[in-house]
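Colleague: Sequence first, then the predicted structure, then my questions.
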Amino acid sequence: MTTPSRTRTCTTAVLVLLTAWACGGPDAAPGVRRDSTSQSAQSPPPPAAAPAPPARDAPAAPAPAATRSAAERAIGRLEDTLRAAAGDADSPWALAHGLLAFGKDYRARDGRSAVLVAASFAERRIDEDGRTIRYGFTAARNGKPVEPHPYLLVKTFLEVGVDPDLGFVTADGTTIDVRRLITDMRASVREPQTDAQWHDAAWWLTALELDQTAQSTELPRWRAAALARLEADDAVLAAQAADPFHPSAPMGAAKRGKTHIYGHPCGGLHFVQAVLRAASASGSTEFRARASRQVRLLLRRHEAERALYAEMLRTHPAAKLVVSGQQLKFFGHLLETLALADELGVLRDDAGLQGAVTAARRTVAGDLLATLAALQTERAYERLPELAVDKPQLHLDLIGDGCHAIAGLRRTLPALTR
């Protein structure tokens, strides 16, 4: 029988997850505006570990190992649903996720090229010098997400291989090309000075690494700053606690307060991916070693988070839909991140970690397949129109995070057995 103190701990855990949502859909509420709050550019030091609270009853049971055939079936089911769901021509954010899942030839529901439709939302702006014209995107338009994070669309175009010379018509009727968007991004980005700026840095940092047309002389300094920031934000993951998500434990306090790595959208996994690309491009053994240590912390985090989700599902079965949505976000983004670490060769100097990550990719894929099965029993994707009205944030999450799940599973297929 659950004791009263145990019940309070479980209830607190649920509140941490459900009220301190790491990032939804466009990584904030629908119609999001970018946060301009000025804070310290350095995360606060991790909270000191409190006396160990009672340990959880038992660790979460591992999900069945994923097989390639099961993953392929899951990908097919998600594609059947999300090909249309992500094709909202009024939401470049949704189209960007569709491009991630389906590639550069993906089309919106009205049949037009998703790239051209999304790019057509580019707006003419006057630079801070009062004369120079640059093109960029607003965070939202008419209540729908356009680009909640600066340069998400440029990053996506580069990631899926859009030709920089591709021309399109902007919101003001001017014809420019994707290269112009890249050039204007390069001229506009600066090293972050606030927490809010760091939280939006993952997309333009990734875009700079993906762009092969030019290299900024400041990029090495920005790479070093991003790695140092990640190390500071990940410090809570290294702290020891019997129950990592107890409110007094460093991870629990960070998740509850949206600080450290949990202050970043999607739990900071986009930022980890940006640092992994920086580590690969840097050519520095020391940089790779430091980035590898952050990957090792991700494996610890995976075990802690999956135990938290299992506990919440066990003690609050009525929250299954919402908890499964959060699992979709975490496991899908984590699968992408571990695949990227492998693909970029960041772990090549640490054979032990390389083996652990290969095994973890199969485990996380199993977790993701189990999550998708749970969402299927909840008829989550069948209820998308209903959820768009009743739970708009969850509706966006299921679309965006579902696309990340497709991408993560597809990149993991070579690591799975039949």
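Modeller: Arrived safely.
Colleague: Point out where the stretch 251-400 of the chain drops to low pLDDT.
Modeller: Along the stretch 251-400 of the chain, no part satisfies pLDDT under 70.
Colleague: Pretty sure residue 279 sits against residue 346.
Modeller: Yes: the pair residue 279 / residue 346 is scored as a contact, 5.1 Å apart, by C-beta atoms under 8 Å. Using the backbone N, CA and C atoms, a C-beta is placed for each residue, glycine as well.
Colleague: Now do the shared contacts for these two.
Modeller: Common neighbours of residue 279 and residue 346, using C-beta atoms under 8 Å, 6 or more residues apart in numbering, are 288, 291-292.
Colleague: So which of these is the closest to residue 160?
Modeller: Of all these, residue 291 has the smallest distance to residue 160: 24.0 Å, by C-beta to C-beta.
Colleague: The shared contacts of residue 279 and residue 346 in helices, which ones?
Modeller: Among those, the residues falling in helices (DSSP state H) are 288, 291-292.
Colleague: Return the distance of residue 397 relative to residue 324.
Modeller: 10 Å (C-beta to C-beta, to the nearest Å).
Colleague: Quick check: the gap between residue 117 and residue 202.
Modeller: Remark: distance between residue 117 and residue 202 (C-beta to C-beta) = 24 Å.
Colleague: More neighbours: which of the two?
Modeller: Applying other C-beta atoms under 10 Å to residue 117 and residue 202 shows that residue 202 carries more neighbours, namely 26 against 20.
Colleague: What helix or strand is that one located in?
Modeller: Assigned by DSSP states H and E, residue 202 belongs to helix 201-210.
Colleague: would you put the C-alpha positions of that helix in CSV?
Modeller: What follows is helix 201-210, C-alpha atoms only, in CSV (Å, rounded to 0.1, in the frame of the first residue of the first chain):
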residue,chain,number,x,y,z
ALA,A,201,20.8,29.5,-30.0
ALA,A,202,20.5,25.8,-31.0
TRP,A,203,18.9,26.5,-34.4
TRP,A,204,21.3,29.2,-35.7
LEU,A,205,24.3,27.4,-34.3
THR,A,206,23.3,24.3,-36.2
ALA,A,207,22.5,26.3,-39.3
LEU,A,208,26.0,27.8,-39.2
GLU,A,209,27.6,24.3,-39.0
LEU,A,210,25.4,23.0,-41.8
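Colleague: pLDDT averaged over it - what is it?
Modeller: For helix 201-210, mean pLDDT is 97.
Colleague: Residues touching the very next helix or strand once past that helix, excluding its own?
Modeller: Next along the chain after helix 201-210, taking DSSP H and E as the criterion, comes helix 219-233. By C-beta under 8 Å, 6+ apart, the list of residues contacting helix 219-233 from outside reads 42-43, 191-192, 198, 201, 205, 208, 216, 260-261, 263-264, 268, 271-272, 274-275, 278-279, 281-282, 287, 290-291, 293-294.
Colleague: do that again at 6 Å, thanks
Modeller: For helix 219-233, the external contacting residues (C-beta atoms under 6 Å, 6 or more residues apart in numbering) are 43, 191, 198, 205, 208, 260-261, 275, 278, 282, 290, 294.
Colleague: pLDDT value on residue 129, please?
Modeller: At residue 129, the pLDDT value in this model is 82.
Colleague: That one in helix, strand or coil?
Modeller: coil (DSSP: H, G, I helix; E, B strand; the rest coil).
Colleague: Leaving out sequence neighbours, find the closest residue to residue 358.
Modeller: residue 415 (6.1 Å; C-beta to C-beta, 6 or more residues apart in numbering).
Colleague: so that neighbour makes contact with residue 361?
Modeller: Yes: between residue 415 and residue 361 a contact is recorded at 4.9 Å, counting by C-beta atoms under 6 Å.
Colleague: Compare these two and say which is more crowded by neighbours.
Modeller: Using other C-beta under 10 Å as the criterion, residue 415 and residue 361 rank with residue 361 on top: 24 against 20.
Colleague: secondary structure element for that one?
Modeller: helix 351-377.
Colleague: residues of that helix that come out buried?
Modeller: 353-354, 357, 360-372, 374-375 (16 or more other C-beta atoms under 10 Å).
Colleague: Can you name the next helix or strand after that helix?
Modeller: helix 384-390.
Colleague: Any buried residues in that following helix, and which?
Modeller: Across helix 384-390, burial judged by 16+ other C-beta under 10 Å covers 384, 387-388.
Colleague: So which residues make contact with it?
Modeller: Residues contacting helix 384-390 (C-beta under 6 Å, 6+ apart): 85, 394-395.
Colleague: would a markdown table of those with neighbour count be doable?
Modeller: Formatted as a markdown table, the contacts of helix 384-390 follow (neighbours: other C-beta atoms under 10 Å):
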| residue | neighbour count |
| --- | --- |
| 85 | 22 |
| 394 | 23 |
| 395 | 23 |
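Colleague: Could you list which of these belong to helices?
Modeller: Per DSSP H, the subset of these in helices is 85, 394-395.
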